[in-house]
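Asks: Sequence isn't available, so here's the structure alone:
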Ligand SMILES: [Fe+2]
């Protein structure tokens, strides 16, 4: 393996420590692309035998960002969602994801979820990586098996997400 998880995590850590904003995230995006190109890395961390669809393979003890390995064995339709107060990077390793971006037409209020409308759709192909800033709403659609490397600014297992409904 030419690119190791240790090296990947250290590059992300250094980039985000120096600049947690756009410049740091762009560097992280480049590191994700490096990992996506490394067949051995993909074999090791995104094995066909993965038991769970989402595996956190690294969580930074200081900055809180996570490197997640996703293995979807069949088609899967995601619902429009944001990542609460954090950002994320989606990197496509295997297969293809149709990503859709959604725009808020009426914000959430009282018990009503935010209403969102489809804005655009594009394909993430192997090697592609895309940054989703805080609050951006997207839904991944997959026609077949896919594997992704995702970075979360903080572990979204612990985040409260907005309630969102497509119109
Ligand atoms: Fe997402």
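Replies: Yes, it's here. As the structure is a prediction and not an experimental result, all values here were calculated from the model.
Asks: Name every strand pairing with the helix or strand bottoming out on mean pLDDT in the chain and say which way it goes.
Replies: Within the chain, no helix or strand scores below strand 76-77, which has a mean of 88 by mean pLDDT, DSSP states H and E. Strand pairing for strand 76-77, using DSSP bridges, gives strand 137-142 (antiparallel).
Asks: if we can go back for a sec, contact partners of the least confident helix or strand of the chain?
Replies: Strand 76-77 has contacts (C-beta atoms under 8 Å, 6 or more residues apart in numbering) with 139-142, 146. All C-beta spots, glycine's among them, are computed from the backbone N, C-alpha and C.
Asks: who's in contact with stretch 31-45?
Replies: Here stretch 31-45 has contacts from 1-5, 8, 11-12, 15, 55, 57, 69, 89, 91-94, 126-127, 129, 147, 149, 151, using C-beta under 8 Å, 6+ apart.
Asks: and the helix ranked longest in the chain, which residues are buried?
Replies: As assigned by DSSP state H, the longest helix anywhere in the chain is helix 22-37. Within helix 22-37, the residues that count as buried by 16 or more other C-beta atoms under 10 Å are 24-25, 27-29, 31-32, 34-36.
Asks: So what angle separates the directions of the helix or strand just after the least confident helix or strand of the chain and helix 22-37?
Replies: Downstream of strand 76-77, the first helix or strand assigned by DSSP states H and E is strand 88-94. Following axes from the mean of the first three to the mean of the last three C-alpha atoms, to 10 degrees, one obtains 20 degrees for the angle between strand 88-94 and helix 22-37.
Asks: Strand 88-94 pairs with which strands, and in what direction?
Replies: Assessed with DSSP bridges, strand 88-94 is paired to strand 129-132 (antiparallel), strand 146-152 (antiparallel).
Asks: any idea how far the shortest one is from the chain center?
Replies: Computed by C-alpha atoms, centre = their mean, to the nearest Å, the chain-centroid distance of strand 129-132 equals 7 Å.
Asks: Quick one: residues in contact with it.
Replies: 25-26, 29, 32-33, 36, 83, 87-92, 99, 124, 138.
Asks: Among those, name the least confidently predicted one.
Replies: Within those, residue 83 has the lowest pLDDT, namely 91.
Asks: ok, that residue - contacts?
Replies: 132, 134, 152-153, 156, 159, 161.
Asks: List only buried entries from the residues you listed.
Replies: Here, 16+ other C-beta under 10 Å leaves 132, 152-153, 156 buried among these.
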